[in-house]
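J.: how would this look folded up:
(one chain, ligands or ions: 3)
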Amino acid sequence: MKLTFTNKINQDIEVVFHPVLQDENQINSLIKKINPADKELILQKIKKQNFIGRKAQTFVFDRAEQVIILLGTGQAKKLSIEDWRNTAGWIIVCLKKYFANNIGLVVRDWLKGNSDIEHLGQALAEGLVLANYNFDKYKKLDKNKIKVDIKQIVVEISAAQRTKLGKGWQRGLLLAQGAIKARDLINEPGSQVTPTFLAKEAQQIVKQNKNISVKILDRPAIKKLGMDAFLGVDQGSHQPPKLIHLVYKPKATTKDKIALIGKGITFDSGGLNIKSFEGMAQMKNDMAGAASVLGLFSVISQLNLKVEVHGIIAACENMPSGRALKPGDIVKSMQGKTIEIGNTDAEGRVTLADALTYIQKQGIKKIIDLATLTGACMVALGTDYAGLFSNNNQLTKELLKATEVSGEKLWRLPLPEEYRQLNKSKVADIRNIPVTRLGEPSTAALFLQEFIEKDVIWSHWDIAGPAYAEKPMNSYIPTGGVGFGVRTLLEWLK
Ligand code: BES
Ligand code: MN
Ligand code: ZN
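T.: Ligands and ions are numbered 1, 2, ... in the order given. Below is the predicted model of the structure:
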């Protein structure tokens, strides 16, 4: 998809989009500016079809030589970056009907109230690329697959604004590419994406990027480190576990180090506390946190970041078998605390406990973990929001700020000191399920906090909701893996 600029889009561009605000005067003056021969007729048609520029509403003048599409962006004093991204996604939806390789875009009216051209470029690229994503590689028989293939996008924009738009565009392409890498990994079946598969993905990333290295530990090495909690979850599976540790090092060495940990349960059957039919159906997505870490690393070295970034994935399956963990079992974590397994289906926190200890032992003082941790987080926040927990207000502020650009939805939930005791065990130092189901996202986060040292800044994201879209979430998030977190984290790291 090539981006080019022009002062005036000419007739050889097949489809031209004019995003318009929900504003009658503006729509009328736009039609006058376009000045088609049948201007009066067009204005009448707009009235008749009741086109007012509502969000995603379209008005089309379908001509032999050129299709012109007015695309509503809704009522707004100021369009947000997310509005732009969504509108870009609708362009793809429209193109499924009005097929074209070369499209034009007039951004003049789109900029009303918001002159942030660089972010417009970024949102445009993200919206177009993410909306055009489709996981259809296993659909061999479907002859009606509609793939929009934009070769060129010509933007009508003043010369002074082009550099900024182009810069944002490049960044947007990269961020979208990272999210798509994560989507692909989530959407692949669980028997395909095993811990070994994830390890190979990490090695592939290292091959393609000079600034990234990886260490992959297999069962004996993991055992040697004393990660018996992690190995406990793994022990019912026939797939060997992998501890994946990626490191991105910037050109200039720095003391500024950050770790990103992704929950990497490549399939969560629940273990002996086996899930129901409905509960298990989408559990190939229980490695969505890991997928986002890998997606992020697949593009990180092209962003010239100044910080050292570590990516950690304790990858294994959660399966029932004659060797599996049993309810009532007690495992010893790498940190030293013993964990009573009250329910084998609360496995994520058990693997994460060891992943958190592993990276803190290497002296990292700032950690963010992404985990499809509790179904209850979806009950609390619905499908679109991830729950954010943190022991640090500054970090929380920075992360929420980053979402203003990325459009990803994070909502802070509490880590109440008073709830700590709910994770108490009668026979071990801690139990992997609390005594009550009330407040489950918080008690799960508090369990993780038991493995965070006092001087470590940490944020945990429960992404059970937005990791996977059961139905399209908006114009640019189709059904399937979302790649949640990749774009926000890259924004924050910048
Ligand atoms: N991976 C699940 C959480 C989940 C559920 C993610 C639905 C996405 C959608 C996690 O391992 C799990 O099973 N959690 C249990 C915890 C409970 C046993 C305390 C849950 O949410 O029911
Ligand atoms: Mn589970
Ligand atoms: Zn799980």
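
J.: near ligand 1, which residues of the stretch 151-300 of the chain?
T.: 268, 286 (Cβ under 6 Å from any ligand atom). In short, each C-beta sits where N, CA and C put it, glycine included.

J.: quick one: the strands in the stretch 151-300 of the chain?
T.: Secondary structure of the stretch 151-300 of the chain by DSSP state E, counting those that start in this stretch: the strands cover 152-156, 212-217, 242-248, 257-268.

J.: Put together JSON lines for these, with distance to residue 174, mean neighbour count and mean pLDDT on each row.
T.: JSON lines is the format used below for the strands of the stretch 151-300 of the chain (distance: least, Cβ to Cβ, whole Å; neighbours: other Cβ atoms under 10 Å; pLDDT from 0 to 100):
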{"stretch": "strand 152-156", "distance to residue 174": "17", "mean neighbour count": "19", "mean pLDDT": "94"}
{"stretch": "strand 212-217", "distance to residue 174": "15", "mean neighbour count": "17", "mean pLDDT": "98"}
{"stretch": "strand 242-248", "distance to residue 174": "14", "mean neighbour count": "24", "mean pLDDT": "98"}
{"stretch": "strand 257-268", "distance to residue 174": "17", "mean neighbour count": "26", "mean pLDDT": "98"}
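
J.: Just send those strands back as CSV, with distance to residue 39 too.
T.: Formatted as CSV, the strands of the stretch 151-300 of the chain follow (distance: least, Cβ to Cβ, whole Å):
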stretch, distance to residue 39
strand 152-156, 20
strand 212-217, 57
strand 242-248, 56
strand 257-268, 55
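
J.: Which among those is found nearest to ligand 2?
T.: The stretch from these with the least distance to ligand 2 (Cβ to the ion) is strand 257-268; that distance is 4.4 Å.

J.: Measure how the closest one sits relative to strand 242-248, angle-wise.
T.: Orientation of strand 257-268 against strand 242-248 (axes from the mean of the first three to the mean of the last three Cα atoms, to 10 degrees) gives an angle of 150 degrees.

J.: strands paired with strand 257-268, and their directions?
T.: Partner strands for strand 257-268, per DSSP bridges, with pairing direction: strand 308-318 (parallel), strand 366-371 (parallel).

J.: Can it be said to contact ligand 3?
T.: Yes - contact of strand 257-268 with ligand 3 (Cβ under 5 Å from the ion) involves 265, 268.

J.: State the number of residues packed around residue 291.
T.: Using other Cβ atoms under 10 Å, residue 291 has 34 other residues around it.

J.: show me what contacts it?
T.: Shown in contact with residue 291 (Cβ atoms under 8 Å, 6 or more residues apart in numbering): 181-183, 185-186, 262, 481, 483.

J.: Leaving aside the residues adjacent along the chain, what's closest to the residue in the stretch 51-200 of the chain that ligand 1 sits nearest to?
T.: Residue nearest to ligand 1 within the stretch 51-200 of the chain (Cβ to the nearest ligand atom): residue 186, separated by 11.5 Å. Nearest non-adjacent residue to residue 186, counting by Cβ to Cβ, 6 or more residues apart in numbering: residue 481, 2.7 Å away.

J.: Lowest mean pLDDT among the helices and strands, pick that one out for this protein.
T.: In the chain, no helix or strand scores lower on mean pLDDT, DSSP states H and E than helix 24-34, which sits at a mean of 89.

J.: so what does it touch, helix or strand wise?
T.: Here helix 24-34 touches strand 15-20, helix 39-48, strand 67-72, going by 3 or more Cβ pairs under 8 Å, 6 or more residues apart in numbering; DSSP states H and E.

J.: Pull up the residues of the protein that are close to ligand 2.
T.: Proximity of the chain to ligand 2 (Cβ under 5 Å from the ion) is limited to residues 268, 345, 347.

J.: ok, 6 Å please
T.: 268, 270, 318, 345, 347 (Cβ under 6 Å from the ion).

J.: Just to check, the first one is in contact with residue 345?
T.: What it means is residue 268. Yes - with contact defined as Cβ atoms under 8 Å, residue 268 reaches residue 345; the gap is 7.4 Å.

J.: re the thing from before, can I get the helices and strands packed on helix 24-34 in TSV with mean neighbour count?
T.: Formatted as TSV, the helices and strands packed on helix 24-34 follow (neighbours: other Cβ atoms under 10 Å):
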stretch	mean neighbour count
strand 15-20	24
helix 39-48	13
strand 67-72	22
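
J.: out of these, which comes closest to residue 1?
T.: Smallest distance to residue 1 across these (Cβ to Cβ): 14.3 Å, for strand 15-20.

J.: by how many degrees do the closest one and strand 152-156 diverge?
T.: Using the same axes, to 10 degrees, strand 15-20 lies at 40 degrees relative to strand 152-156.

J.: Mean confidence (pLDDT) on strand 15-20, please.
T.: Average pLDDT, strand 15-20: 95.

J.: Which secondary structure state is assigned to residue 350?
T.: Using DSSP: H, G, I helix; E, B strand; the rest coil, the structure places residue 350 in helix.

J.: can you pull up the bridge partners for the one residue in the chain that gets nearest to ligand 3?
T.: Proximity of the chain to ligand 3 (Cβ to the ion) peaks at residue 268, 3.7 Å away. Beta bridges link residue 268 to residue 318, judged by DSSP bridges.

J.: Next, the contact list for it, please.
T.: Here residue 268 is in contact with 275, 280, 283, 286, 317-318, 345, 347-348 (Cβ under 8 Å, 6+ apart).

J.: biggest separation within the residues you listed, which pair?
T.: So, the contacts of residue 268 by Cβ to Cβ: farthest apart are 280 and 348, at 14.8 Å.

J.: Among those two, which residue is more densely surrounded?
T.: Counting neighbours by other Cβ under 10 Å for residue 280 and for residue 348 shows that residue 348 has the greater number, 28 against 14.

J.: my guess is the more buried one meets residue 373, correct?
T.: Yes - taking Cβ under 8 Å as the contact criterion, residue 348 and residue 373 are neighbours in contact, 5.0 Å apart.
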